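Visitor: Okay, sequence plus prediction incoming.
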Amino acid sequence: MNFTRIEYFLAAAEYLNFTKAANVLYISQPSLSKQIALLEDELGVLLFDRMPRAMQLTPAGKLLYYEFNRLMPEIDLITEKVKRMKNEKLDTLFIGCVESIQLGETASTIIRNFKTRADGVELFIERYGFEGLHNKLIDGSIDVAFTFSTQVGKIRDIMYAEIEERRRYIIMSTNHKLAHKDDIAIEDLRDETFVLHGQSESMALCDDIIEECDSLGFDPRLHYAPDIDALLDYVELIGGIAFLDKSITESRSGRLKYYPTKLEKSFNLICIWKKSNRNPALKEFIKCLPKAR
């Protein structure tokens, strides 16, 4: 799929008439029809109901039209940014964050201070899961990443700086049957369902807890939620147990109860980057960080 084909589809979907759309695009009607047919073959669905006297979008066509229209302003904005970089000779710095993380004031201040100091640098901030974040860092799509210190040692050729102390908590609903207790141990959770944020994502944070359960002679029931909101819904409304940085749950204050975990591998907020990254903007950003390791 290419931008030209997308442009042709949007015109055809707007006018619902291949002849009118072709005239607007300054191409022949057969050329437009061919490109639409190629797009339909690529997607494996029909996008238009071609009736004798009228043409309508199919449900798949309506969805594609909506999504492309939603994305086009962002594509235009990206294009303008790239053109501006060429004209103004701007450097770029891509900052990644784990999607469920709350950066906190320390990290936010670092980014704001860097932006103030580096007038000639265009900043971009993106969110990914642990695996996606690491892959983006390795392939150079992002320059630095804010993540948890559980990830130190899982990516080669990185350096890091500790940004802020964090702590992982056992989290449950205030209505949970165990919420009356003053203290919770892992063995108290033998019959509970652990709610985790995606299988690969959560193992990065909770592998030591799962290992402790195994040493105590039980395998916890695991439920994987597609995102943090769904995870917290399950904890609050259905009664699961989560293991998270407390700041992630701030929006649900008063509805959840927190217990510090007795197992505590390093769980601080850190900033990581590749040693081999030669981006000059990264070099300046590192100067804003605490001492690197």
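Guide: Sure, I can see it.
Visitor: burial measure for Asp245, as a count.
Guide: For Asp245, the tally of surrounding residues (other CB atoms under 10 Å) stands at 21. Every C-beta, even on glycine, is put in place using the N, C-alpha and C of the backbone.
Visitor: what's the distance between it and Arg50?
Guide: Relative to Arg50, Asp245 is positioned 54 Å away (criterion: CB to CB, to the nearest Å).
Visitor: Show me the contact partners of whichever strand or helix holds Leu196.
Guide: When elements are assigned from DSSP states H and E, Leu196 belongs to strand 193-197. Applying CB atoms under 8 Å, 6 or more residues apart in numbering, the external contacts of strand 193-197 come out as 100, 202-203, 206, 209, 220-225, 227-228, 231, 234-235, 239-243.
Visitor: which residues in the stretch 51-200 of the chain form helices?
Guide: If DSSP state H, counting those that start in this stretch is used as the criterion, the helices of the stretch 51-200 of the chain fall at 59-88, 104-117, 130-139, 199-215.
Visitor: hey, which of the ones you listed is tucked in deepest?
Guide: Counting by mean count of other CB atoms under 10 Å, helix 130-139 has the highest mean neighbour count of the helices of the stretch 51-200 of the chain, with a mean of 18.
Visitor: Who are the packing partners of that one?
Guide: Using 3 or more CB pairs under 8 Å, 6 or more residues apart in numbering; DSSP states H and E as the contact test, the elements touching helix 130-139 are strand 91-98, strand 144-148, helix 199-215, strand 269-274.
Visitor: rerun at 6 Å
Guide: Contacts defined by 3 or more CB pairs under 6 Å, 6 or more residues apart in numbering; DSSP states H and E place helix 130-139 against strand 91-98, helix 199-215.
Visitor: same question for it, mean pLDDT?
Guide: Along helix 130-139, the predicted confidence averages to a pLDDT of 84.
Visitor: Send me it as CSV with only the CA atoms.
Guide: Presented in CSV, the C-alpha positions along helix 130-139 are these (Å, rounded to 0.1, in the frame of the first residue of the first chain):
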residue,chain,number,x,y,z
PHE,A,130,8.6,-3.3,27.1
GLU,A,131,9.3,-5.4,24.1
GLY,A,132,8.4,-2.7,21.5
LEU,A,133,10.4,-0.1,23.5
HIS,A,134,13.5,-2.3,23.5
ASN,A,135,13.3,-3.1,19.8
LYS,A,136,12.9,0.6,19.0
LEU,A,137,16.0,1.4,21.1
ILE,A,138,18.1,-1.4,19.5
ASP,A,139,17.2,-0.5,15.9
